[in-house]
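Peer 1: Give me the fold of what follows.
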Amino acid sequence: MTTRIIAHRGFSSLFPENTMLAFREALANGATGIECDVQMTNDGEIVIFHDEEVSRITGTRGLLKDFSWNEVSRMDAGRHKGEKFTGEKIPRLQELLELIKNRDIILNIELKNGVIPYPNLEKKVVEMVEKFGLGPFVIISSFNHPSLLTVKEHNPNIKTALLFFARMYKPWKYTSEVGVDGIHPFWMGVDGVLVKGAHKHGLFVNPFTVNNLEDMAALLKLGVDGIITDYPDRLSALVEKNMPKPRQKPLYDKTTYYRYQK
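Peer 2: Model (predicted):
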């Protein structure tokens, strides 16, 4: 299995994070996976944005949850990265789903509901993923672990993953309670014991956020399933150099997935 190259908020080291430009550039530079963050506007639109407060990216002050989609759509999400990116917009989730459909791309959707409990965010995200027929190619992750239980209630076949910073002891015991399919640990807490134990218990392992080549190489040797990085180009070159294997199959067997759908 070739390790997935998962672009963190797109190609966020060089382009404005969580924008369509960053996602397109990630795909053009070797990414085989995309990671993004989702929240909701006050009129229920699912938008791709990381911070609860919009000022760092847009220069506008306020919580994203308090703005309408019409207001959010007029914000500039590019200028903070440089004048040449002025005019890049905050996208809706459906724009990214449209971009990746019909591609062998894994999409990691992180639910940003640990601070602000957006009502029905899980249900809306699941329904949109199903609408585009992308269930077999999506992982939904969150630091809000009870939220992942809710995702499974809406569709038990969509893959979910725990996000965590702490070095956990036998995390597979905890994951059996939450019912997730994988773990997304902070990369500094990943070692051979964690990877082997997770794989033994049927869990995939996608560490975040890994930007140093030496650290990437060490994780590749450990056999992680994917690496979440701001530099998909660096990781792509490293994977090609050290693991020249045929393109891997999709994360899911689509036939099996839809066999269990209503």
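Peer 1: Okay, the closest residue to T19 other than its chain neighbours and L27: tell me how far apart.
Peer 2: Nearest-residue entry for T19: E88, 4.6 Å, with adjacent residues in sequence omitted and distances by C-beta to C-beta, 6 or more residues apart in numbering. Where you see a C-beta, it was placed from the backbone N, CA and C, and this is true even at glycine. Per C-beta to C-beta, to the nearest Å, E88 is found 16 Å from L27.
Peer 1: Which strands or helices does the longest strand seen in the chain pack on?
Peer 2: Counting residues, the longest strand found in the chain (DSSP state E) is strand 33-40. Using 3 or more C-beta pairs under 8 Å, 6 or more residues apart in numbering; DSSP states H and E as the contact criterion, the neighbours of strand 33-40 among helices and strands are strand 4-8, helix 20-28, strand 46-48, helix 93-100, strand 106-111, helix 121-131, strand 226-229.
Peer 1: The fifth one pairs with which strands?
Peer 2: In this case it means strand 106-111. strand 33-40 (parallel), strand 138-142 (parallel) (DSSP bridges).
Peer 1: residues contacting the residue nearest to T19?
Peer 2: Going by C-beta atoms under 8 Å, 6 or more residues apart in numbering, E88 touches P16, T19, M20, L21, D76, A77, G78, R79.
Peer 1: Count the neighbours of the second one for me.
Peer 2: Read it as T19. Applying the criterion other C-beta atoms under 10 Å, we find 28 residues in the vicinity of T19.
Peer 1: swap in the first one?
Peer 2: Here the number of neighbours of P16 (other C-beta under 10 Å) works out to 25.
Peer 1: what's near enough to touch it?
Peer 2: Under the contact definition (C-beta under 8 Å, 6+ apart), the residues listed for P16 are A22, I57, A77, G78, H80, K81, F85, E88.
Peer 1: My read is that the fifth one contacts T60, right?
Peer 2: Spelled out, it's H80. No - the criterion here is C-beta atoms under 8 Å, and H80 misses it with T60 at 11.3 Å.
Peer 1: How many neighbouring residues does K159 have?
Peer 2: K159 - counted by other C-beta under 10 Å - has 22 other residues nearby.
Peer 1: okay, it: pLDDT?
Peer 2: At K159 the predicted local confidence, pLDDT, stands at 98.
Peer 1: Go ahead and confirm it touches I139.
Peer 2: Yes - between K159 and I139 a contact is recorded at 4.7 Å, counting by C-beta under 8 Å.
Peer 1: what about the stretch 101-250 of the chain, any weak spots by pLDDT?
Peer 2: Per-residue confidence of the stretch 101-250 of the chain (counting by pLDDT under 70) places the weak regions at 243-250.
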